[in-house]
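Trainee: Structure for this input, please:
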Amino acid sequence: MKRKLSLAAAVTIRDIYMDDILTGSSDFQEVQLLQPELIRLFKKVGMSLHKWCSNTPEILTSIPKEEQYWDFPLPVVRQNN
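Mentor: This is a model prediction of the structure:
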């Protein structure tokens, strides 16, 4: 039997930078499984996740508006060819 919260555990080990989780997937169904796993995992240790951001609005439908984050500046890197 697979361990509970295995997706969230892998993301926690691999994708935390400072106090942010920066992760994603090209598989929409995987993200739908991952999101509640992350919420449960962090809730178990008394923490709550906030500043949710996604380029797929459907991912945020279960997240309260006050926990969604849209001001996420990404630098544009231009390469000269």
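Trainee: so where do the strands sit in the chain?
Mentor: For the chain, the strands defined by DSSP state E cover 16-17, 20-21.
Trainee: Identify the residues contacting the longest helix belonging to the chain?
Mentor: Assignment by DSSP state H gives helix 28-44 as the longest helix of the chain. Contacts to helix 28-44, defined as CB atoms under 8 Å, 6 or more residues apart in numbering, come from residues 5-9, 11-12, 21, 23-25, 48-49, 54, 56, 58-59, 62-63. C-betas here are computed from N, CA, C, even on glycine.
Trainee: Would you mind giving me the PyMOL syntax to select the buried ones in these?
Mentor: To isolate the buried members of those in PyMOL, using 16 or more other CB atoms under 10 Å:
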select buried, resi 5+7+8+11+12+21+23+59+63
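Trainee: Quick check: Thr12 vs Leu34, distance?
Mentor: In this view, Thr12 and Leu34 are 11 Å apart by CB to CB, to the nearest Å.
Trainee: likewise Ile13?
Mentor: As defined by CB to CB, Ile13 lies at a distance of 13 Å from Leu34.
Trainee: List the contacts of the residue nearest the centre of the chain.
Mentor: Compute the mean C-alpha point of the chain, and by CA atoms, centre = their mean the closest residue is Thr23, 5.3 Å away. Taking CB under 8 Å, 6+ apart as the criterion, Thr23 is in contact with 11, 14-15, 34.
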